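Asks: What would the 3D arrangement of this be:
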Amino acid sequence: MEQQTTTEAARPAPFAVTRSLSTSLLWLTMLAVMVAEVLIFVPSIANFREDWLSRRLESAAVAGVSAEGSGRGSLLDEAAQAKLLHALDAKLVAITMNGTSQLLAKSPELSTIDHEVSLADTAPWPLILGAFDTLAFGEDRIVRIVGHVGDGDMRAEVVMAEKKLRRAMIAYSWNILVLSVLIASFAAILVFVAISRLLIRPIRRMTHSMMLFRQKPTDGDRVIVPSGRRNEIGLAESELADMQTVLAETLREQRHLADLGLAVSKINHDLRNILASAQIVSDRLSTLPDPHVQRFAPMLIKSLDRALVYTQSVLAYGRAVESKPIRRKVRLHRLVDDVEDVLSLGRDPAIEVRNEVPPSIDVDVDPDQFYRALTNLVRNAIQALESETSEAVVRRVIVSAERREDGGVSVAIEDTGPGLGERAREHLFKAFRGSTRAGGTGLGLAIAAEIVDAHGGRIELKDTGRPGACFEIQLPPPRPASPTGRPTPAPPLAGGRAA
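Replies: Now for the predicted structure:
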């Protein structure tokens, strides 16, 4: 029941009929067909008028030939005239044959002629204009129609009221209109049904899948199942399914990592207290005069110190985010000296840490945060050198800096260790994946990268062509003070983010 309610809630609400895509498509199809019918109607009504007038002239020519064949002369008797005029609905009928004009019939009611139409002009535009002229003004006019009949030199002339032609054209137009509406409706329905099956339904299906997936993106059962179409819709369904699958897996992984991180943080919190107690005991053990204790106590203290540092780094990374940097003018040379003093405790004396930062260089950073970033980078370099046991191998860490032309500062931490493997390079600065040594967590680099990014700078692995690894921090130029006395935001470096 709950699943059914969720499915119904995720189902897209129906659109108003007047605003749905299907209705819009239906009206557009009908409009397109009607426009096409109008474009066809214009020449067809002109052609209808021309054919109608031509048939009147042909009827007059047939009557003239019949009269000549009967030997009754040019003018018919009154009964024949009335019959011919009634048949043609005309007021005057005449023909010209063999150079001789013959008046066949004439109505006594004929007075004036308002308009003349010559069928000799068959150009499209005159015929079209003539058709619309008849529709607009032909109700009360008397028109004279002249034109050739057949392939010879016979000409016919008919004078008649134009209203019969106009009414025939109106009836024809109504027929065209009704037929156009029927064709437009039929075509629109066909297109509507076809598009609904080929386009609208798949789009609604994808929309429904996206809305259902949004409610619980970690549920793999809510991923759309592609229909297998071999067209753009099928491609869109496949891409949507791939995207939903990847997103669901990513979210499940993120949730798993979040749960794991919470568990690790709790374990580390308790473990740190245990290690602190063990460290106190080991300090007291180191005061005993026993030579065996004196030999192994420093190693125990060193191991406990490393374990404490490890648990503290895990807890530090498990907190939400780094706080916003409180920037100060800091002498970088002195800050590196502090890092060296702290890391010298318990360090192998054969590992040299050299501070080559010019004393004149100062940086615009949060001193505590930047101290942590440098400490993590230098500690990583020292730990990489500790694996080298040969006395012939140079074990040195060099911290240097220089001011760039744009006013920013570049800080380099370089060591003479074994360098980084391919796996470490691929996941550099990613916690738990970008460790530079076996058994490491990669938290030091991740924390350093986060701090540098918060300062608007960037950190990268620099290729020096020499053995070892070199991490370079590029800090942006100092921010100028605003009229309020507060520094303005610094523009981010390429690849960095403004603080």
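Asks: All the helices of the stretch 251-400 of the chain, in order from the start?
Replies: Listed in chain order, the helices of the stretch 251-400 of the chain (DSSP state H, counting those that start in this stretch) span 291-318, 332-343, 367-386.
Asks: State the mean pLDDT of the first one.
Replies: What that stands for is helix 291-318. The average pLDDT for helix 291-318 rounds to 67.
Asks: ditto for stretch 456-463
Replies: pLDDT averaged over stretch 456-463 gives 90.
Asks: Dump it to PDB, keeping only the CA atoms.
Replies: Extracted C-alpha coordinates of stretch 456-463, given in PDB (Å, rounded to 0.1, in the frame of the first residue of the first chain):
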ATOM      1  CA  GLY A 456      41.900  30.900  -3.300                       C
ATOM      2  CA  GLY A 457      45.000  29.100  -4.400                       C
ATOM      3  CA  ARG A 458      45.800  25.700  -5.900                       C
ATOM      4  CA  ILE A 459      48.200  22.900  -5.100                       C
ATOM      5  CA  GLU A 460      49.600  20.500  -7.700                       C
ATOM      6  CA  LEU A 461      52.300  17.900  -8.200                       C
ATOM      7  CA  LYS A 462      55.100  19.600 -10.200                       C
ATOM      8  CA  ASP A 463      57.300  17.700 -12.600                       C
END
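Asks: Mind listing what's buried along it?
Replies: By 16 or more other CB atoms under 10 Å, the buried positions in stretch 456-463 come out as G456, G457, R458, I459, L461. From N, CA and C alone the C-beta is placed, and that goes for glycine too.
Asks: Run the chain-centre distance for that stretch.
Replies: Put simply, stretch 456-463 sits 32 Å off its chain's centre (CA atoms, centre = their mean, to the nearest Å).
Asks: Isn't L374 up against V339?
Replies: Yes: under the criterion of CB atoms under 8 Å, L374 makes contact with V339 at 4.9 Å.
Asks: Give the residues shared as contacts by those two.
Replies: Taking CB atoms under 8 Å, 6 or more residues apart in numbering as the criterion, L374 and V339 both touch V399.
Asks: measure R327 to E460 for me?
Replies: Distance of R327 to E460, computed by CB to CB, to the nearest Å: 22 Å.
Asks: What lies in contact with stretch 224-244?
Replies: Contacts for stretch 224-244 (CB under 8 Å, 6+ apart): L198, L199, P202, I203, R205, M206, S209, M210, F213, P217, R222, V223.
Asks: Repeat that for stretch 50-67.
Replies: So stretch 50-67 is contacted by 73-74, 76, 80, 84, 87-88, 90, 93-95, 97, 102, 104-105, 117, 119, 122, 127, 145-147, 149-150, 154, 156-158, 160, 165, 168-169 (CB under 8 Å, 6+ apart).
Asks: For the residue lying closest to S400 once chain neighbours are set aside, give its distance to E340.
Replies: Closest residue to S400 apart from its sequence neighbours, by CB to CB, 6 or more residues apart in numbering: E356 at 4.3 Å. Using CB to CB, E356 is found at 12 Å from E340.
Asks: and these two? which has more neighbours close in?
Replies: E340 (18 against 13; other CB atoms under 10 Å).
Asks: Verify the stated contact: that one with V353.
Replies: Yes: taking contacts as CB under 8 Å, E340 lies within contact range of V353: 4.8 Å.
Asks: what do those two both touch?
Replies: In contact with both E340 and V353: V378, using CB under 8 Å, 6+ apart.
Asks: quick one, strands of the stretch 51-200 of the chain?
Replies: For the stretch 51-200 of the chain, the strands defined by DSSP state E, counting those that start in this stretch occupy 90-97, 100-106, 115-118, 142-148, 155-161.
Asks: What confidence value was assigned to N355?
Replies: 93.
Asks: So what's the residue count around it?
Replies: Neighbours of N355 under the rule other CB under 10 Å: 18.
Asks: and it, what is it in contact with?
Replies: H333, V336, D337, E340, V399.
Asks: Roughly how far does L461 sit from N380?
Replies: Using CB to CB, we find L461 at a distance of 12 Å from N380.
Asks: do the same with E460
Replies: For E460, the distance to N380 - CB to CB - is 15 Å.
Asks: before we move on, the earlier item: check the contacts of stretch 224-244 against L257 and report the nearest one.
Replies: Nearest to L257 out of these is P217 (CB to CB; 15.9 Å).
Asks: Domains of this protein: list them as residue ranges, please.
Replies: Under the assignment automatic domain parsing, the domains of the chain span 17-185, 218-320, 325-475.
Asks: Could you tell me the least trusted of the ones you listed?
Replies: Mean pLDDT is lowest for domain 218-320 among those, at a mean of 74.
Asks: In space, what's closest to N98 - neighbours in sequence excluded?
Replies: In space, N98 is closest to D153, 7.6 Å off (CB to CB, 6+ apart).
Asks: Now for the one you found, how many residues are close by?
Replies: Around D153 there are 11 other residues, counting by other CB under 10 Å.
Asks: Next: E414.
Replies: Per other CB under 10 Å, the neighbour tally for E414 reads 21.
Asks: cool, L374 as well?
Replies: 24.
Asks: Give the full set of residues in contact with it.
Replies: Taking CB under 8 Å, 6+ apart as the criterion, L374 is in contact with L335, V336, V339, V399, V411, I413, A448.
Asks: what's the closest of the strands of the stretch 51-200 of the chain to S24?
Replies: That would be strand 115-118 among the strands of the stretch 51-200 of the chain, by CB to CB, at 45.4 Å.
Asks: Who does that closest one pair with, and is each partner parallel or antiparallel?
Replies: Sheet pairing of strand 115-118 (DSSP bridges) gives strand 142-148 (parallel).
Asks: Pull the distance from the strand it pairs with to the chain's centre.
Replies: Worked out by CA atoms, centre = their mean, strand 142-148 lies 65 Å from the chain centre.
Asks: Not counting it itself, show me its contacts.
Replies: Outside strand 142-148, the residues that reach it (CB under 8 Å, 6+ apart) are 53-54, 56-57, 91, 110-120, 154-162, 165.
Asks: Wait, T218 touches T245, no?
Replies: No: using CB under 8 Å, T218 is not in contact with T245; the gap is 11.5 Å.
Asks: What's the local residue count around G421?
Replies: Residues near G421, counting by other CB under 10 Å: 12.
Asks: Same question for A36.
Replies: Look at A36: counted by other CB under 10 Å, it has 14 neighbours.
Asks: now do S286
Replies: S286: 14 neighbours (other CB under 10 Å).
Asks: cool, and P467?
Replies: P467, neighbours per other CB under 10 Å, totals 12.
Asks: Just give the closest residue to L25, not the sequence neighbours.
Replies: The shortest distance from L25 to any non-neighbouring residue, by CB to CB, 6+ apart, is to I195 (5.6 Å).
Asks: Also V42?
Replies: Counting by CB to CB, 6+ apart, I128 is the residue found nearest to V42 once chain neighbours are left out, at 6.0 Å.
Asks: And for G150?
Replies: Of all residues not flanking G150 in the chain, A61 sits nearest, at 7.1 Å (CB to CB, 6+ apart).
Asks: just to revisit the earlier point, including secondary structure and neighbour count, could the contacts of stretch 224-244 go into TSV?
Replies: Formatted as TSV, those follow (DSSP: H, G, I helix; E, B strand; the rest coil; neighbours: other CB atoms under 10 Å):
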residue	secondary structure	neighbour count
L198	helix	12
L199	helix	16
P202	helix	19
I203	helix	13
R205	helix	15
M206	helix	17
S209	helix	19
M210	helix	16
F213	helix	22
P217	coil	16
R222	helix	20
V223	coil	20
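Asks: just those now: which is nearest R395?
Replies: P217 (49.4 Å).
Asks: Buried residues in stretch 188-201, which are they?
Replies: A188, V191, F192, I195, S196, L199.
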